[in-house]
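**Student:** Here is my input, please return the structure:
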Amino acid sequence: DCVGCAGDLEDNQAYGWIDNWEYNMKEKENCTERGESMSEPNIVFIVIDALRSRNLSCYGYDKKTSPNIDKIAKDGILFENAYSTTNATDPSLTSIFSGKFPRHNGIINHGERVKSDEIEIIKRTKLLPEILKAKGYITIGLDWIDRWHKRGYNYYINNCFFNTSYKSKNVTSFIEKLAINFRNNILERFPVSIQSFIKSFYDKFIYRTMIVGGNNEAEIVTDNAINLLNKHKNEKFFLFIHYWDVHTPYNPPVQYVNYGRYRNLLKTNEIDAKKLLYDGAIKFVDHNIGRIFESLEDLGVLENTLLIITSDHGESLGEHEIYFDHHGLYEVSIKVPLIIWYPKFEPLRIRAMVQHVDIMPTILELLNVDESAYNLDGRSLLPLIRKEVDNFRSYIYVEENYACSKKCIIKNNFKYIFASSVNDAFCRKCKKIHGGVEELYDLNSDPEEIKNIAKEEKEVAEELKGDLLRVVKQLDDRRRRIERVIIQDRIRKLGSLGKI
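**Tutor:** So this is what the prediction gives:
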């Protein structure tokens, strides 16, 4: 029986066809406070997976990939120097919705590498959907990565492909849907030791060969979003949409890319051919974001809606010999778009450095929620938006732990990247070390991060290394406080059972 509302967070197992969902009215009364004013804005939060900011027209790209996002940016707030906290989806989304860096919230790994002790730590952190649900918002999540990410949602849709809006009705499309469902929903049930192999086989041989030019995921996700917006247009809602189409294997519908040109280009220049698909995927997602914006307007709720557009991380399209992936702490993988649209904000382009962890405190301040109870690492962006300050962050801190283990700090236009050892620096995907154990770049004179000047500028490198290690220690100390509480709780539990 497919339902769309879940009660307890751990019991949120409600997945199914959107057309069969009915909102449980009794649960709705239990988890919302109808007396609250509708003056609190609706929130639409869009994450476009693996989208680097430099490939959007509004960020200076010379191709017209994003007319709808451009229009939203023109009338909203565009942050020119926004950064993720990491370069993998699990820790990045967790940072966004916890307002904490990975080393603080516990989730430093991704996918099959996430350890049980990381899960224990994130259980002690309130996530944005949980806070909004407690404030009376109808919370809707359109994503499939599940686990702790589904906490706090009335609706969490993680198998959007099983939907009547799927275009093809032939046998091939049926097999495609089975393959997609396996990749998105069944794979996680396998032992983690073989998940990576199965993912690689699937992405290389099944997805790319069977569904070239036929993936309409963004359209289906958007159809689901619009259906739920129609159902809850008279209530406060938080809508989270995670578009995956810009992630590999870059497979937009045929109307968004010339596949004939792609196949011809593939014979001579694979990188340019894949860039063609990547840009086509951006156009496809952009079209569907336009549909969301138009739907909000048609429903009469746009003027009371806060819209946020970002990505979880960027993508390397051959830069630094990293091909069609997002490992490495270079700008292409960690610099992200961040656009905030709200009728009460004046249009503005902001140059100050900001990070994903700053989004949650911004929302909480806008809703007059006291953030002190949540021990956030981020700061509200409202002083920047209101032009009360010019400078914001003195540094940016980012780390990666999936393909390799590196950390970086950006300060005074220098970027310092550091690995604790050769083993930590070694890339498990590319079987090599990218850039070195220690890297330093002058982002003013070398924005593409071509020349490592760590040896020439030893004093700068040493100073930034000291700053970096201090930040790491601060974040580790915050996490250890949570770990101590977990240990104390375990001791108390064992004591109550008479085992100690």
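
**Student:** any low-confidence regions in the stretch 101-250 of the chain?
**Tutor:** The stretch 101-250 of the chain contains residues with pLDDT under 70 at 159-215.

**Student:** From Phe237, how far off is the residue lying closest to Glu399 once chain neighbours are set aside?
**Tutor:** Spatially, and ignoring its direct neighbours in sequence, Glu399 is nearest to Lys407 (4.4 Å; Cβ to Cβ, 6 or more residues apart in numbering). Quick note: C-beta positions are derived from backbone N, CA and C, even for glycine. Applying Cβ to Cβ, to the nearest Å, the value for Lys407 to Phe237 is 37 Å.

**Student:** now do Leu229
**Tutor:** In terms of Cβ to Cβ, Leu229 sits 7 Å off from Phe237.

**Student:** same deal with Asp279?
**Tutor:** 32 Å.

**Student:** What of Pro252?
**Tutor:** Distance, Pro252 to Phe237, using Cβ to Cβ: 28 Å.

**Student:** out of those two, which sits in the busier spot?
**Tutor:** Pro252 (27 against 23; other Cβ atoms under 10 Å).

**Student:** Name all residues that make contact with the nearest residue to Ser420 once chain neighbours are set aside.
**Tutor:** Using Cβ to Cβ, 6+ apart and skipping the chain neighbours, the partner closest in space to Ser420 is Ser405 (7.1 Å). Ser405 is in contact with 399, 419-420, 424-425, counting by Cβ atoms under 8 Å, 6 or more residues apart in numbering.

**Student:** Of these, select the buried ones using a PyMOL command.
**Tutor:** Those of the contacts of Ser405 that count as buried under 16 or more other Cβ atoms under 10 Å are selected in PyMOL with:
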select buried, resi 399+419+425
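
**Student:** tell me which of the contacts of Ser405 is nearest to Tyr156?
**Tutor:** Glu399 (27.9 Å; Cβ to Cβ).

**Student:** where does the closest one fall, helix, sheet strand or coil?
**Tutor:** With DSSP: H, G, I helix; E, B strand; the rest coil as the basis, the three-state label of Glu399 is strand.

**Student:** so it makes contact with Phe418?
**Tutor:** No. Assessed by Cβ atoms under 8 Å, Glu399 is found out of contact with Phe418, at 9.8 Å.

**Student:** Quick check: neighbours shared by the two?
**Tutor:** Between them, Glu399 and Phe418 share the contacting residues 406-408, judged by Cβ under 8 Å, 6+ apart.

**Student:** Show me the residues you listed that map onto strands.
**Tutor:** In strands, judged by DSSP state E, the following of the shared contacts of Glu399 and Phe418 are found: 406-408.

**Student:** and those residues, which are buried?
**Tutor:** For these, a burial check counting by 16+ other Cβ under 10 Å picks out 406-408.

**Student:** Which of those residues sits closest to Ser66?
**Tutor:** Cys408 (27.3 Å).

**Student:** ok, that closest one touching Ala419?
**Tutor:** No. Judged on Cβ under 8 Å, Cys408 makes no contact with Ala419 at a distance of 10.0 Å.

**Student:** Check the secondary structure at Ile220 for me.
**Tutor:** helix.

**Student:** From Ser421, how far off is the nearest residue to Phe426 once chain neighbours are set aside?
**Tutor:** Excluding its sequence neighbours, the residue lying closest to Phe426 (Cβ to Cβ, 6+ apart) is Ile433, at 5.6 Å. As for Ile433, its distance to Ser421 is 11 Å (criterion: Cβ to Cβ).
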